[in-house]
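J.: for reference, the sequence and a predicted model appear below.
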Amino acid sequence: MSTAPQTAAPPTGPAKAAFLGAMRHFVGSVSVITVGAGDDLSGLVVTSAVSLSAEPPQVLICVNRGSSSWPLLKRYGHFGVNALAARHQPVAERFSGFGGIRGAARYEGADWVTARTGARLLADAPVALDCRVEEMIDRASHSIVIGRVVAIRAGSEEDALIYWHGGYRGVGR
């Protein structure tokens, strides 16, 4: 008896809406990623900035390749990671694009310093990291970006801004 080889069906997963609904249950710390140089600026909010290694100091972020920030990240090869305090919710909203705010206009209303790489760092962030892109790994719609931390700017300890169930919230100790 001969049998024809079976072709495996591609793996399936939950629908996009179900996945996004499930992800809303995860609490994420809110960071603004700054990219670009001069007037050629943009940035975005992430809840996925995490440490990758301490030696050498590296962080990992994920950026949608369709975002306005992705080409600038690729072009300039540096970025800032700015952890936000609860009082920075207006900054998060600007960098989330609320009200159609885009590009360099996202930086208005806050004080910024230029870091060693040229990245913009939020002057009063609880902590901000100046990073050089080491590697960008494309997966599905996003690039997994590994950044080498070249400098750290530490501020005061404050209540953190988090994102949970579709909204920003402050959380204290």
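T.: Happy to help now that I have it.
J.: strand partners of whichever strand or helix holds residue 36, parallel vs antiparallel please.
T.: Assigned by DSSP states H and E, residue 36 falls within strand 31-37. Strand pairing for strand 31-37, using DSSP bridges, gives strand 40-46 (antiparallel), strand 78-83 (antiparallel).
J.: need these in a markdown table (columns: mean pLDDT).
T.: Formatted as a markdown table, the strands paired with strand 31-37 follow (pLDDT from 0 to 100):
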| stretch | mean pLDDT |
| --- | --- |
| strand 40-46 | 97 |
| strand 78-83 | 98 |
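J.: just give me the neighbour total for the nearest residue to residue 166 once chain neighbours are set aside.
T.: The shortest distance from residue 166 to any non-neighbouring residue, by CB to CB, 6 or more residues apart in numbering, is to residue 24 (5.8 Å). All C-beta spots, glycine's among them, are computed from the backbone N, C-alpha and C. Using other CB atoms under 10 Å, residue 24 has 13 other residues around it.
J.: wait, isn't residue 24 in contact with residue 47?
T.: No - with contact defined as CB atoms under 8 Å, residue 24 does not count as touching residue 47 (10.8 Å).
J.: what residues of the strand holding residue 36 count as buried?
T.: 31, 32, 33, 34, 35, 36 (16 or more other CB atoms under 10 Å).
J.: can I get the residues you listed in CSV including pLDDT and distance to residue 53?
T.: Formatted as CSV, these follow (pLDDT from 0 to 100; distance: CB to CB, whole Å):
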residue, pLDDT, distance to residue 53
31, 98, 18
32, 98, 23
33, 98, 19
34, 98, 22
35, 98, 22
36, 97, 26
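J.: still on that earlier bit, which stretch among the strands paired with strand 31-37 is buried most, on average?
T.: Comparing the strands paired with strand 31-37 by mean neighbour count (mean count of other CB atoms under 10 Å), strand 78-83 ranks first with a mean of 26.
J.: residues in contact with it?
T.: 29-35, 49, 59, 61, 73, 115, 117-122, 125-133, 145, 147, 160 (CB atoms under 8 Å, 6 or more residues apart in numbering).
J.: tell me the helix or strand right after it.
T.: helix 89-95.
J.: now do the buried residues in that following helix.
T.: Buried-residue list, helix 89-95, by 16+ other CB under 10 Å: 89, 91, 92, 94, 95.
J.: hmm, back to that, what sits up against the strand holding residue 36?
T.: 41-47, 49, 61, 63, 69, 72-73, 76, 78-84, 91-92, 95, 104, 107, 112, 118-122.
J.: what residues sit buried inside the helix or strand where residue 147 lies?
T.: Per DSSP H and E, residue 147 falls inside strand 142-154. Residues of strand 142-154 classed as buried by neighbour count (16+ other CB under 10 Å): 142, 143, 145, 146, 147, 148, 149, 150, 153.
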